[in-house]
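Asks: give the three-dimensional model of this entry:
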Amino acid sequence: MTKIVAVTASPAGEAHTQMAAEALKRTAQALGHEILTEAQGGPVATTLNPNDIQQADVVIVGADGAVERDRFAGKPVYAISTSEAIRNTEMVIQSAVALVGHGPRLGALKTTPHPHDPLPEDGAVSAPSAANKFFVGITSCPTGIAHTFMAAEALKQGAAKLGHDIKVETQGSVGSQNTLTDEDIARADAVIIAADTHVDLSRFGGKRLYETSTKAAIHSGSDVVTAAMDAPVAGGGNADGSGGYLDEVKRAKAERSESRSGPYKHLLTGVSYMLPVIVAGGLIIALSFVFGINPEEGTFGAALMQIGGGAAFALIVPVLSGFIAFSIADRPGLAPGLIGGMLAANLNMGFLGGILSGFLAGYVAKFVRDKVNLPANFEGLKPVLVIPLLATLIVGLLLVYVFGGPVRFIMEGMTAYLEGLSGTNAVLLGLILGAMMAVDMGGPVNKAAYTFAVGLLATNLYAPMAAVMAAGMTPPLGLALATFISKKHFNQAEQEAGKVASVLGISFITEGAIPFAANDPLRILPACIAGSAVTGALSMAFGCTLRAPHGGVFVLAIPNAVENVGLYIVAIAVGTLITALATVQLKHWFPKKKAIAAA
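Replies: This next block holds a predicted model:
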């Protein structure tokens, strides 16, 4: 039940005023809400008590002219005309209730123009646009409670007044609601971001993008919608839709990201947020080795080690856990996920403990968010008190009393086994990890091998990381070499693409080989897998180690970052040569026309 106060006023006469007040009163009561009304003007005029206003959850102003609103300061106000209040009363009540989160998110009201409808902000009546447009928007405020939903409702009303349609995603304290789909974004004429916090804009490339504050949207929704049509196009595409080889790589990576779902998506979300932490920490640790493997206390090298190892690497497991939970339950999952990850690190559960705590925290927080219902007046406590408290407590107790011991035992056993690998076993592990890096080039198998190697860095196991990075570099490098040594098997566009692929290869961007593989998978993929498998096996056989999780050939210049750096370069060169020769031979033995005919 929501407490509502309403003010109605119409220059057309007291009849219109009283009809609007009575319609709002009866409908609100029928829907189970409390309402007090003030009909201004006429012999039956009523006045709202200041205490009534103070206790109200929302204010409805149904007026066809200016109404003094200072007494409603701090309250969400839903403004409509008296005719709208009479003709669409139920929608008005539900939309007002939605402003305070006690009801469903509703679409904008669509009503027939009426001579007594309220004037827009500029003082002139807005006629519906000749061409109906479709907008998408996102609203978000730091607390994610009132202003988020008020801004969304104002944008809906503003778009309706102008004759347009809009879908608004609210990024509130309980996560995203009314989430925009790829189809929504694709057909949108413009994007409106009304937010006082950071909003990820990567999915809106190539669209007109207008950014403003929640306050501006609440104050003048129509003006914001109008301004969006004149906004510049966001980065992400050329006007003619053309793009080069790098665009193909980006599209392929984006398509793979969109195809992820379920637990795999949540895991990869955690890894993607963890990656900058571990890259920064790993490279800073590698830089500290310039001053010796074990720099003395008080030296610059020791300071670098404290930053990279003592601070950055201490965050690896908590960040992994926190953002797995964030992917599952949105913002409510972040706090229990981070705390669970820190607890897993303190219990020596390693990266497996971080993954486990992330999933536990995410699903527990989601359950509490969706299933634990509080009285309407206490709903605001759920995201800041109830969910963090219950989810953190449950996850923490499960880790301490149920999962901590078994997972720590598994991690210690795996670490001891990998540390003892030598000879054939080490070569076999490198062969498998190397092949996995080239099977799908940035897909699930590739990411599984990379995540495994990155996780082992926190346990001071560096050989798998070396094998994985070397094997991830050889597919684009090998294909670039193939386009150079056998130009007759590649057209002009592929030869130019080879130059770009070489840069991506030395930067450890395996996805640089995707466009080649997509155009000719039956011959390119086997060649890449063979070269990467050999590279991984040689790296392990040579005893190479890598203390940085990324960077490609550029980390080779850092002293002590790579052990056996000369043999490491040999492993990469051999894999690159095998990939190139295998590609050329397969194209020679199985020309494309024959391959198509055989298929």
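Asks: going forward, measure contacts between C-alpha atoms and count neighbours the same way
Replies: Noted.
Asks: tell me where the chain has strands.
Replies: Along the chain, the stretches classed as strands by DSSP state E are 3-9, 34-39, 58-63, 77-80, 134-140, 165-172, 175-177, 190-195, 209-212, 545-546, 562-563.
Asks: how about the ones you listed in TSV, adding mean neighbour count and mean pLDDT?
Replies: Putting the strands of the chain into TSV (neighbours: other CA atoms under 10 Å; pLDDT from 0 to 100) gives the following:
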stretch	mean neighbour count	mean pLDDT
strand 3-9	25	89
strand 34-39	21	89
strand 58-63	25	87
strand 77-80	20	82
strand 134-140	25	91
strand 165-172	24	87
strand 175-177	16	75
strand 190-195	27	91
strand 209-212	19	88
strand 545-546	25	89
strand 562-563	20	84
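Asks: now the ones you listed in TSV, please, with extra columns for distance to Ala344.
Replies: Below are those laid out as TSV (distance: least, CA to CA, whole Å):
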stretch	distance to Ala344
strand 3-9	45
strand 34-39	49
strand 58-63	44
strand 77-80	46
strand 134-140	32
strand 165-172	29
strand 175-177	25
strand 190-195	35
strand 209-212	40
strand 545-546	25
strand 562-563	29
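Asks: right, and these - which one's nearest Leu347?
Replies: strand 545-546 (26.1 Å; CA to CA).
Asks: so where's the stretch 251-400 of the chain shaky on pLDDT?
Replies: For the stretch 251-400 of the chain, the stretches flagged by pLDDT under 70 are 251-261, 293, 376-377, 379-380.
Asks: redo that, cut-off 90
Replies: Where the stretch 251-400 of the chain drops to pLDDT under 90, the residues are 251-302, 304-306, 308-310, 312-314, 316-317, 327, 329-333, 345, 348-354, 368-387.
Asks: can you tell which of the strands of the chain is closest to Met349?
Replies: Nearest of the strands of the chain (CA to CA): strand 545-546, 22.7 Å.
Asks: coming back round to it: to Glu183, which of the strands of the chain lies closest?
Replies: strand 134-140 (10.8 Å).
Asks: just the C-alphas of the closest one, formatted as PDB.
Replies: Output in PDB follows, covering the C-alpha atoms of strand 134-140 (Å, rounded to 0.1, in the frame of the first residue of the first chain):
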ATOM      1  CA  PHE A 134      12.100   4.900 -30.900                       C
ATOM      2  CA  PHE A 135      14.500   5.700 -28.100                       C
ATOM      3  CA  VAL A 136      16.300   3.600 -25.600                       C
ATOM      4  CA  GLY A 137      17.700   5.000 -22.300                       C
ATOM      5  CA  ILE A 138      19.400   4.200 -19.100                       C
ATOM      6  CA  THR A 139      18.900   6.000 -15.800                       C
ATOM      7  CA  SER A 140      21.100   5.600 -12.700                       C
END
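Asks: now it and strand 190-195, what's the angle there?
Replies: Relative orientation of strand 134-140 versus strand 190-195 (axes from the mean of the first three to the mean of the last three CA atoms, to 10 degrees): 10 degrees.
Asks: just how off-centre is strand 134-140 within its chain?
Replies: Relative to its chain's centre, strand 134-140 lies at 16 Å (CA atoms, centre = their mean, to the nearest Å).
Asks: tell me which residues are up against it.
Replies: 147-149, 151-152, 164-172, 180, 184-185, 187-197, 199, 214 (CA atoms under 8 Å, 6 or more residues apart in numbering).
Asks: rewinding a little: of all the strands of the chain, which one is nearest Ile328?
Replies: So among those, strand 175-177 is nearest, using CA to CA, at 10.1 Å.
Asks: and the nearest residue to Ala438 once chain neighbours are set aside, what does it touch?
Replies: Of all residues not flanking Ala438 in the chain, Ile529 sits nearest, at 5.1 Å (CA to CA, 6 or more residues apart in numbering). Going by CA under 8 Å, 6+ apart, Ile529 touches Gly434, Ala435, Met436, Met437, Ala438, Val439, Pro475, Thr579.
Asks: drop anything exposed from those residues.
Replies: With burial judged by 16 or more other CA atoms under 10 Å, the buried subset of the contacts of Ile529 is Gly434, Ala435, Met436, Met437, Ala438, Val439, Pro475, Thr579.
Asks: let me have those residues in TSV, extended by pLDDT and distance to Ile86.
Replies: As requested, the buried ones among the contacts of Ile529 are exported to TSV (pLDDT from 0 to 100; distance: CA to CA, whole Å):
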residue	pLDDT	distance to Ile86
Gly434	91	70
Ala435	91	69
Met436	90	66
Met437	90	65
Ala438	87	66
Val439	85	64
Pro475	91	68
Thr579	93	74
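Asks: just send the residues you listed back as JSON lines, with distance to Ile328 too.
Replies: Formatted as JSON lines, the buried ones among the contacts of Ile529 follow (distance: CA to CA, whole Å):
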{"residue": "Gly434", "distance to Ile328": "31"}
{"residue": "Ala435", "distance to Ile328": "31"}
{"residue": "Met436", "distance to Ile328": "27"}
{"residue": "Met437", "distance to Ile328": "27"}
{"residue": "Ala438", "distance to Ile328": "29"}
{"residue": "Val439", "distance to Ile328": "28"}
{"residue": "Pro475", "distance to Ile328": "33"}
{"residue": "Thr579", "distance to Ile328": "39"}
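Asks: and Leu99, how far is that from Ile35?
Replies: 16 Å (CA to CA, to the nearest Å).
Asks: for Ile193, that is, sorry about that
Replies: 33 Å.
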